[in-house]
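**Student:** please work out how this folds:
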Amino acid sequence: MAADSEPESEVFEITDFTTASEWERFISKVEEVLNDWKLIGNSLGKPLEKGIFTSGTWEEKSDEIFFADFKFSVTHHYLVQESTDKEGKDELLEDVIPQSMQDLLCMNNDFPPRAHCLVRWYGLREFVVIAPAAHSDAVLSESKCNLLLSSVSIALGNTGCQVPLFVQIHHKWRRMYVGECQGPGVRTDFEMVHLRKVPNQYTHLSGLLDIFKSKIGCPLTPLPPVSIAIRFTYVLQDWQQYFWPQQPPDIDALVGGEVGGLEFGKLPFGACEDPISELHLATTWPHLTEGIIVDNDVYSDLDPIQAPHWSVRVRKAENPQCLLGDFVTEFFKICRRKESTDEILGRSAFEEEGKETADITHALSKLTEPASVPIHKLSVSNMVHTAKKKIRKHRGVEESPLNNDVLNTILLFLFPDAVSEKPLDVTTSTDNNCPPSESEDYNLYNQFKSAPSDSLTYKLALCLCMINFYHGGLKGVAHLWQEFVLEMRFRWENNFLIPGLASGPPDLRCCLLHQKLQMLNCCIERKKARDEGKKTSASDNVTNIYPGDAGKAGDHLGPDDLKETDKDKGEVGKSWDSWSDSEEEFFECLSDTEELKGNGQESGKKGGPKEMANLRPEGRLYQHGKLTLLHNGEPLYIPVTQEPAPMTEDLLEEQSEVLAKLGTSAEGAHLRARMQSACLLSDMESFKAANPGCSLEDFVRWYSPRDYVEEEVIDEKGNVVLKGELSARMKIPSNMWVEAWETAKPVPARRQRRLFDDTREAEKVLHYLAIQKPADLARHLLPSVIHAAVLKVKEEESLENISSVKKIIKQIISHSSKVLHFPNPEDKKLEEIIHQITNVEALIARARSLKAKFGTEKCEQEEEKEDLERFVSCLLEQPEVLVTGAGRGHAGRIIHKLFVNAQRLTESSDEAAAMTPPEEESKRMGSPEERRQNSVSDFPPPAGREFILRTTVPRPAPYSKALPQRMYSVLTKEDFRLAVKIIDGDV
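**Tutor:** Residues are numbered from 1 along each chain as shown. Presented below is the predicted three-dimensional model:
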């Protein structure tokens with residue numbers, strides 16, 4: 001067994017010491033990529049439809065391979081199409097030539113306006129390109145080109161791939177490609193010639209035909225006819241006969257005159273230069289045969305007027321200067337500045353000789369400093385006006401960033417109520433009470449978190465934007481903001497409401513600056529009402545009218561008023577006018593000791609209803625329906641209560657942080673509940689004062705009816721009666737409601753400590769406004785500026801009615817709402833929004849430019865006008881537009897006139913020659929013979945000439961299979977290119 005097992009245990013190894021060369025590895029990698037992409041065999045698609053190269057979807061796949069240490073990128077370009085049925089296809093594979101060869105004779109897509117260069121030159125729907133991966137790398141030597149081409153040929157033969165495979169050679173800017181395609185018994189060679197100068201003998205069709213015939217080398221005589229497709233492209237650059245209709249804004253008209261400050265509420269719009277730089281007219285002869293036409297160095301039949309097909313494309317000016325885009329961009333730049341207002345305007349404005357800096361923001365601290373001046377002169381408003389005088393004293397008229405005319409115009413625009421010389425009252429802000437529009441444009445501020453379009457904040461943003469662009473830049477912005485803050489201080493001190501702000505608490509849907517101004521307005525309302533309440537109270541004392549009389553509310557409030565007030569109960573924005581006399585009077589501390597003792601405040605600590613029943617009722621608003629107190633049966637009165645404190649979003653965030661820091665412990669939770677129940681305690685005290693002898697059940701029945709459960713029960717006498725009790729949550733031991741009720745004293749709202757200290761809150765707002773840097777201000781107002789820009793774009797678009805622009809505007813609104821709705825958006829995202837707005841502005845400007853050039857408004861016939869407007873709309877949205885009727889159609893005649901006028905301006909320096917009388921123009925455009933005679937000078941020399949020559953001949957021998965051949969040629973002023981596609985049979 002051992003002997004038998006020895007041969008099996010021996011291992012016979014064959015070591016192959018040969019190694020593959022780099023060239024072989026490269027070929028293997030090319031084959032591997034082709035196999036991975038499943039480009040093996042013949043895959044036939046549907047016949048190409050007309051225009052599919054432009055309207056269809058092109059996709060590409062890429063990979064990287066190496067030849068030694070030289071990196072190439074392999075890219076597969078293909079037109080996405082539905083695959084045909086594969087039934088019976090396998091039987092025909094051996095006889096069917098590759099798809100690229102079949103497409104050679106298709107004339108539906110000879111001159112695609114937008115496609116890969118190889119698609120235009122060879123009419124391919126699918127191909128693979130091998131090119132150096134780095135942009136600076138190039139295959140320059142002939143030996144390397146041949147080596148790559150050999151690699152391609154071997155890879156195609158080994159894999160059976162029938163997709164054309166190209167290699168890019170020379171520098172990339174030359175776009176030089178050579179390639180090959182193999183099929184069953186056929187091979188296609190793709191060759192190319194590229195010269196910087198056109199040889200004289202090849203500047204016309206006859207010379208190109210000679211090249212083509214020599215390249216195909218057909219042994220037959222006579223040669224089969226050659227099919228020809230020709231396109232000449234003419235470029236119109238001179239638009240001098242059509243002035244650009246955009247008028248620059250009149251800066252002088254922005255101040256004074258008839259226009260006045262209203263101009264500050266409008267944003268400019270339009271391009272400062274013509275956004276259409278060139279018009280390209282392509283005249284095409286799609287189906288010609290050799291011998292039908294003559295085109296040589298002596299004579300040519302190729303008259304552009306007689307071309308059967310005309311198509312037009314426009315070349316847009318790159319990044320045209322647009323007014324609206326510049327406005328918003330310049331304002332956005334302020335966000336990156338770091339200087340404070342003092343640093344921009346100079347600290348000397350607040351300095352006195354030998355004294356410390358007297359800043360407006362230090363007005364409060366100045367009040368508390370020891371001074372020898374009388375105390376009546378030490379007021380905040382006095383300090384503000386003193387600082388204002390110092391500003392004007394140290395800063396001369398010529399040094400002020402804004403002159404007085406501009407400043408006064410802006411302030412009157414922002415504060416129209418300042419025009420009236422009469423004392424301001426509550427009716428000042430009548431525009432504030434206008435019902436807000438329910439339109440989509442008006443409510444756009446909800447999405448952008450900006451401000452309503454009729455608000456003071458919105459107007460301020462527009463004014464600052466215009467000041468930044470036209471009047472002093474950053475210094476002007478700082479100056480206007482400083483004046484604005486002083487105006488806010490003045491209005492607070494003198495009880496003047498701020499116009500352009502909706503009444504009520506701060507709207508958290510708006511920007512923080514708008515909320516701050518609303519908060520200041522709330523403070524002014526409270527202060528104004530309190531001051532008026534004191535005057536009314538004094539007059540009541542003279543007439544000996546008791547302010548807490550139970551029937552007082554009924555005397556001063558009618559039934560309608562009562563209902564309205566009841567309806568508004570609990571709303572923060574309740575009007576003070578619905579309350580009477582001294583009911584809205586508030587005191588910081590309880591100073592009327594005798595009256596407090598008379599009202600039995602000390603006995604209120606015991607909380608007994610009997611003791612409380614002896615109190616005199618105070619602070620009653622009106623009777624609550626038919627409800628009565630449970631203990632004594634007295635009518636239940638709704639008390640006058642304090643309004644909840646309005647809050648801005650930063651205060652809410654600060655409060656939530658404080659509450660969160662209390663932790664989750666029992667003590668922290670108890671303290672948190674006490675902090676949140678301040679308003680509840682105040683309402684309980686007001687209720688006790690208005691309803692002596694009341695109980696917690698009475699309060700709950702009014703304040704939270706759901707927490708008082710009533711059910712029908714049968715009493716001892718057998719009668720069905722209602723019995724009520726507190727809900728389960730109200731009976732929980734140590735309930736916050738019970739604790740607050742026991743703590744509450746019968747104190748009317750007018751004698752309670754204010755829940756909302758308007759003086760403190762107003763000073764906080766004013767301080768917040770004063771310390772804002774221009775960059776902070778710009779951040780606050782940028783959403784409003786973008787909001788205004790979007791509304792301006794929508795307004796201008798509605799005049800032009802461009803469908804593509806409407807879609808873009810919707811995208812801008814959607815994008816902006818996502819970016820601006822969150823605090824501190826990224827600068828990059830903001831720049832994207834501004835760039836989108838600028839692009840839409842340029843698009844609308846292009847539409848107006850084209851309409852002006854084609855004279856759509858001058859058309860008398862409605863049908864022609866609609867056709868022209870449709871034509872202009874297509875020019876904006878499509879890469880190339882077919883002219884209906886070619887040179888004989890309405891649009892074609894207009895284009896012809898444009899070229900004629902441009903030629904005359906070019907040929908003659910006399911400006912009068914540019915304007916042709918209509919009679920002469922009609923004669924010139926009259927008969928076809930006259931047009932043909934004069935058309936030589938009607939158009940400039942073609943900027944580009946393209947020829948496609950096709951034929952079907954046997955190659956290389958007369959007995960070979962007849963196969964299609966093709967040559968594409970393009971001739972420009974500094975470029976000559978031939979792209980030849982030669983197919984050989986019997987390979």
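**Student:** pretty sure Ile983 contacts Gly183?
**Tutor:** No - at 9.0 Å, Ile983 and Gly183 do not qualify as touching, with contact defined as CB atoms under 8 Å. To be clear about C-beta, it is placed using only N, CA and C from the backbone, and glycine gets the same treatment.
**Student:** anything in contact with each of the two?
**Tutor:** Met101 (CB atoms under 8 Å, 6 or more residues apart in numbering).
**Student:** what secondary structure does Ile837 sit in?
**Tutor:** With DSSP: H, G, I helix; E, B strand; the rest coil as the basis, Ile837 sits in helix.
**Student:** using CSV, write down the CA coordinates of stretch 207-227.
**Tutor:** What follows is stretch 207-227, C-alpha atoms only, in CSV (Å, rounded to 0.1, in the frame of the first residue of the first chain):
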residue,chain,number,x,y,z
GLY,A,207,-13.2,70.6,-53.3
LEU,A,208,-14.8,68.6,-50.5
LEU,A,209,-16.3,66.2,-53.0
ASP,A,210,-12.9,65.6,-54.5
ILE,A,211,-11.6,64.6,-51.0
PHE,A,212,-14.5,62.3,-50.3
LYS,A,213,-14.2,60.5,-53.6
SER,A,214,-10.4,60.0,-53.1
LYS,A,215,-10.9,58.7,-49.6
ILE,A,216,-13.5,56.1,-50.4
GLY,A,217,-11.4,55.0,-53.4
CYS,A,218,-14.3,53.3,-55.2
PRO,A,219,-13.2,51.1,-58.1
LEU,A,220,-16.5,51.6,-59.9
THR,A,221,-17.0,54.0,-62.8
PRO,A,222,-19.1,56.0,-62.8
LEU,A,223,-19.4,56.6,-59.1
PRO,A,224,-22.8,56.3,-57.4
PRO,A,225,-24.4,59.7,-56.7
VAL,A,226,-23.3,61.5,-53.5
SER,A,227,-26.1,62.7,-51.1
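**Student:** now that stretch: buried residues?
**Tutor:** By neighbour count with 16 or more other CB atoms under 10 Å, stretch 207-227 contains the buried residues 207-209, 211-213, 215-216, 218, 226-227.
**Student:** check stretch 279-296 too.
**Tutor:** So stretch 279-296, judged by 16+ other CB under 10 Å, has buried residues 279-286, 288, 290, 295.
**Student:** could I get those residues as JSON lines with distance to Glu864?
**Tutor:** Below are these laid out as JSON lines (distance: CB to CB, whole Å):
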{"residue": "Leu279", "distance to Glu864": "20"}
{"residue": "His280", "distance to Glu864": "23"}
{"residue": "Leu281", "distance to Glu864": "20"}
{"residue": "Ala282", "distance to Glu864": "23"}
{"residue": "Thr283", "distance to Glu864": "22"}
{"residue": "Thr284", "distance to Glu864": "24"}
{"residue": "Trp285", "distance to Glu864": "27"}
{"residue": "Pro286", "distance to Glu864": "27"}
{"residue": "Leu288", "distance to Glu864": "32"}
{"residue": "Glu290", "distance to Glu864": "39"}
{"residue": "Asp295", "distance to Glu864": "35"}
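**Student:** which of those sits closest to Thr648?
**Tutor:** Of all those, Thr648 sits closest to Leu279, with 55.6 Å by CB to CB.
**Student:** distance of that closest one from Pro112?
**Tutor:** The gap separating Leu279 from Pro112 is 20 Å, by CB to CB, to the nearest Å.
**Student:** mean confidence score for the helix or strand that contains Trp23?
**Tutor:** Using DSSP states H and E, Trp23 sits in helix 22-36. Mean per-residue pLDDT for helix 22-36: 92.
**Student:** show me what counts as buried in it.
**Tutor:** Going by neighbour count (16+ other CB under 10 Å), the buried part of helix 22-36 is 26-31, 33-34.
**Student:** all strands of the stretch 1-150 of the chain, in order?
**Tutor:** Remark: strands assigned in the stretch 1-150 of the chain by DSSP state E, counting those that start in this stretch are 58-67, 70-79, 126-132.
**Student:** ok, which of the ones you listed comes nearest Ser21?
**Tutor:** Of all these, the one in closest proximity to Ser21, counting by CB to CB, is strand 58-67 (10.7 Å).
**Student:** parallel or antiparallel, which strands does the closest one pair with?
**Tutor:** Strand pairing for strand 58-67, determined by DSSP bridges: strand 70-79 (antiparallel).
**Student:** quick one: contacts of the strand it pairs with?
**Tutor:** Residues outside strand 70-79 that contact it (CB under 8 Å, 6+ apart): 30, 33, 37, 39, 52-53, 56-66, 116, 118-119, 125-134, 137, 163.
**Student:** recalculate using a threshold of 6 Å.
**Tutor:** Strand 70-79 has contacts (CB atoms under 6 Å, 6 or more residues apart in numbering) with 33, 37, 56, 58, 60-65, 116, 125-131, 133.
**Student:** restricted to buried residues, select those in PyMOL.
**Tutor:** To isolate the buried members of these in PyMOL, using 16+ other CB under 10 Å:
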select buried, resi 33+37+56+58+65+116+125+126+127+128+129+130+131
